[in-house]
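Visitor: Build me a model:
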Amino acid sequence: MTLRAPKVGFVSLGCPKALVDSERILTKLRATGYDVSPSYDGADVVVVNTCGFIDSAREESFGAITEAMNENGQVIVTGCLAGEAETIRELHPNILAITGPQQYEAVVGEVQRAVPIKANPHLDLVPAEGVKLTPRHYSYLKISEGCNHKCQFCIIPSIRGPLQSRPIHKVLREAERLVEAGCQELLVIAQDTSAYGLDVKYKEESWKDRTIATRFYELCEGLGELGVWNRLHYVYPYPHVDEVIPLMAEGKILPYLDVPFQHASPSVLKNMRRPAFQAKTLERLEAWRNICPDIAVRSTFIVGFPGETDEDFEILLEWLEEAQLNRVGCFQYENVEGARSNSLPDHVPAELKEERWHRFMKKAQQVSSNVLSKKVGRDIEIVIDEVDEEGAIGRSVWDAPEIDGCVFLNGETELRPGDRLSVHVTHSDEYDLWAELRS
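Guide: Sure thing, here's the model as predicted:
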């Protein structure tokens, strides 16, 4: 038994959903009495939270495990890659333990076995909002685990299981605690945010002085009462999503939807086995904009999916031009171990995927430049993320942290991260805005 608080090193890889998992693990460890080490040298044990969604993520995870073993030697592996425990142990026989995704208690138990500590929890030493890996002014709010979809290219359901919605009163209470701790922006995440509550048949729960259903709309309505920015990610365009758009027009939810369209060609979407692939998305976008003209829609796409023809790709480019999405990301298709798409016929050659990716990004850049140019001359609300000797960097209501653009305020060095203020947009380029404070 050690007399000082043992220190745990932590490596968190993957998406925001995995980041929330890391925050939960660290919160439990801190509540149990462990400290967190910022380096391998100062850590008594290292936890590596892995990602195994695509091959490049797997390689990054294996590399992080190897680095942790080389630099420290006392390593516990958790997360999505834990399904490949045999491979990990073949490479590193001395790994202390391997636990799967969402197994928070198992990780804490393995840390306690590796570095025992006298049981004396100091819950008052842990912030009410828990240990956060994001800046104080924004936080990810995970509303469910798992996914019910069977997309050909995705292995998330086999890793994380089917949809498991958190009780709505617990989600809203967590959101409330985050706001009480100073959070200015909640980023709502799940594998499929708009499916929230489906698995529990929209069970009703008691929340404050009323009964509230575990459902997407009711969740958004409840979050809209907190007086902070609420940003919706990973929203599939189901018909009931239309009900939330008026909340955006009223200012209760940010006018922002992250919708994973993935493609526009009906044949490619059918091969992908994407849900609601027959939806008339351009009509939906127009309807959303009629209700909330300021709505920003961001999405990610895959080029080079097996069977994608030149005609399919041209359909995608034409759709992108007409859709005028605010923010767009794009990936070249790659096989993922365990994915059904690996065995599909007519894989697209690497050179052709590369060419299509460049053409897609050029078109996306043109669209983004056009959309942002219309913001010049407007007064908009932003939140400040960083301040240095050159000025402040913020984000508009149309920009999520780390994946979208920025708003630059040159020379404004007296602002603080988390400040929300109105600015006047003076300039734009393909991805970012420049603005000045209103005098």
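Visitor: from here on, contacts and neighbour counts on C-alpha atoms
Guide: Fine.
Visitor: Pull out the buried positions in the helix ranked longest in the chain.
Guide: If you go by DSSP state H, the chain has its longest helix at helix 350-373. By neighbour count with 16 or more other C-alpha atoms under 10 Å, helix 350-373 contains the buried residues 353-354, 356-357, 360-361, 363-365, 367-373.
Visitor: Which elements pack onto the following helix or strand past it?
Guide: Once the chain leaves helix 350-373, the next helix or strand it forms, by DSSP states H and E, is strand 379-388. Under the contact criterion of 3 or more C-alpha pairs under 8 Å, 6 or more residues apart in numbering; DSSP states H and E, strand 379-388 touches strand 391-396, strand 420-428.
Visitor: Now do strand 379-388, average pLDDT.
Guide: Average pLDDT, strand 379-388: 96.
Visitor: what's the answer for stretch 266-286, then?
Guide: Average pLDDT, stretch 266-286: 84.
Visitor: Can you list the neighbours in contact with it?
Guide: Residues outside stretch 266-286 that contact it (C-alpha atoms under 8 Å, 6 or more residues apart in numbering) are 149-153, 237-238, 262-263, 305, 307-308, 312, 322-323, 341.
Visitor: returning to that earlier point: of all the helices and strands packed on strand 379-388, which one comes closest to Glu436?
Guide: Nearest to Glu436 among these is strand 420-428 (5.4 Å), distances taken as C-alpha to C-alpha.
Visitor: what pairs with that closest one, and is each one parallel or antiparallel?
Guide: Its sheet considered, strand 420-428 pairs with strand 379-388 (antiparallel), strand 433-437 (antiparallel) by DSSP bridges.
Visitor: just how off-centre is that strand within its chain?
Guide: Distance of strand 420-428 from the chain centroid (C-alpha atoms, centre = their mean, to the nearest Å) equals 26 Å.
Visitor: and that strand with strand 391-396, angle?
Guide: On the basis of axes from the mean of the first three to the mean of the last three C-alpha atoms, to 10 degrees, strand 420-428 is oriented at 100 degrees to strand 391-396.
Visitor: So for strand 420-428, mean pLDDT?
Guide: When pLDDT is averaged along strand 420-428, the result is 96.
Visitor: Any buried residues in that strand, and which?
Guide: Arg420, Val423, His424, Val425, His427, Ser428.
Visitor: got it, and stretch 302-319?
Guide: For stretch 302-319, by 16+ other C-alpha under 10 Å, it's 302-306, 308-309, 312-313, 315-317, 319.
Visitor: again, but for stretch 13-22
Guide: So for stretch 13-22, counting by 16+ other C-alpha under 10 Å, buried means Leu13, Gly14, Pro16, Lys17, Ala18, Leu19, Val20, Asp21, Ser22.
Visitor: what's the answer for stretch 262-280, then?
Guide: Under the neighbour-count criterion of 16+ other C-alpha under 10 Å, stretch 262-280 has 262-269, 271-275, 277 buried.
Visitor: Closest to Glu67 out of the residues you listed?
Guide: The shortest gap between Glu67 and any of those belongs to Gln262, at 33.7 Å (C-alpha to C-alpha).
Visitor: Bridged to the closest one, which residues?
Guide: Assessed by DSSP bridges, Gln262 has beta-bridge partners Phe301.
Visitor: Could I get the contacting residues of it?
Guide: Contact analysis of Gln262 by C-alpha under 8 Å, 6+ apart lists Leu269, Ser299, Thr300, Phe301, Ile302.
Visitor: and the third one, how far is that from Glu430?
Guide: So that's Thr300. Distance of Thr300 to Glu430, computed by C-alpha to C-alpha, to the nearest Å: 17 Å.
Visitor: hmm, back to that, which among the strands paired with strand 420-428 is found nearest to Pro38?
Guide: So among those, strand 379-388 is nearest, using C-alpha to C-alpha, at 21.2 Å.
Visitor: helix or strand right after the lowest-mean-pLDDT helix or strand in the chain?
Guide: Lowest mean confidence among the helices and strands of the chain (mean pLDDT, DSSP states H and E): helix 156-160, at a mean of 78. Later in the chain than helix 156-160, the nearest helix or strand by DSSP H and E is strand 164-165.
Visitor: Give the next helix or strand downstream of that following strand.
Guide: With DSSP H and E, the next secondary element past strand 164-165 is helix 168-180.
Visitor: Can you list the helices and strands that that following helix packs against?
Guide: Using 3+ C-alpha pairs under 8 Å, 6+ apart, helix 168-180 sits against strand 138-142, strand 204-207, strand 210-213, helix 216-223.
Visitor: which regions of the protein sit below the pLDDT cut-off?
Guide: The model of the chain has pLDDT under 70 over residues 1-3, 102, 118-133, 276-279, 439.
Visitor: The chain - how does it break down into domains?
Guide: Domain assignment of the chain by automatic domain parsing yields the ranges 7-125, 138-373, 379-437.
Visitor: gap between the second one and the chain center?
Guide: Centroid displacement of domain 138-373 relative to its chain, using C-alpha atoms, centre = their mean, is 10 Å.
Visitor: That one: end-to-end distance?
Guide: Terminal residues of domain 138-373 are spaced 27 Å apart (C-alpha to C-alpha).
Visitor: What of stretch 181-189?
Guide: 20 Å.
Visitor: now swap in stretch 161-171 and tell me
Guide: Chord length of stretch 161-171, first to last residue, is 20 Å (C-alpha to C-alpha).
Visitor: Quick check: Met361 touching Arg327?
Guide: No. In this structure Met361 lies outside contact range of Arg327 using C-alpha atoms under 8 Å: 11.1 Å.
Visitor: and the buried residues of stretch 302-319 as a markdown table, adding secondary structure?
Guide: Shown next, in a markdown table, are the buried residues of stretch 302-319 (DSSP: H, G, I helix; E, B strand; the rest coil):
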| residue | secondary structure |
| --- | --- |
| Ile302 | strand |
| Val303 | strand |
| Gly304 | coil |
| Phe305 | coil |
| Pro306 | coil |
| Glu308 | coil |
| Thr309 | coil |
| Asp312 | helix |
| Phe313 | helix |
| Ile315 | helix |
| Leu316 | helix |
| Leu317 | helix |
| Trp319 | helix |
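Visitor: tell me which of the residues you listed is nearest to Asp385?
Guide: Comparing the buried residues of stretch 302-319 against Asp385 with C-alpha to C-alpha places Ile302 closest, at 29.9 Å.
Visitor: That closest one contacts Glu334, doesn't it?
Guide: No. Ile302 is not in contact with Glu334 according to C-alpha under 8 Å; the separation is 9.4 Å.
Visitor: Can you add secondary structure and distance to Ser61 and give the buried residues of stretch 262-280 back as JSON lines?
Guide: Listed next are those as JSON lines, based on DSSP: H, G, I helix; E, B strand; the rest coil; distance: C-alpha to C-alpha, whole Å:
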{"residue": "Gln262", "secondary structure": "strand", "distance to Ser61": "25"}
{"residue": "His263", "secondary structure": "coil", "distance to Ser61": "28"}
{"residue": "Ala264", "secondary structure": "coil", "distance to Ser61": "32"}
{"residue": "Ser265", "secondary structure": "coil", "distance to Ser61": "33"}
{"residue": "Pro266", "secondary structure": "helix", "distance to Ser61": "34"}
{"residue": "Ser267", "secondary structure": "helix", "distance to Ser61": "34"}
{"residue": "Val268", "secondary structure": "helix", "distance to Ser61": "30"}
{"residue": "Leu269", "secondary structure": "helix", "distance to Ser61": "29"}
{"residue": "Asn271", "secondary structure": "helix", "distance to Ser61": "29"}
{"residue": "Met272", "secondary structure": "helix", "distance to Ser61": "26"}
{"residue": "Arg273", "secondary structure": "coil", "distance to Ser61": "28"}
{"residue": "Arg274", "secondary structure": "coil", "distance to Ser61": "27"}
{"residue": "Pro275", "secondary structure": "coil", "distance to Ser61": "29"}
{"residue": "Phe277", "secondary structure": "coil", "distance to Ser61": "32"}
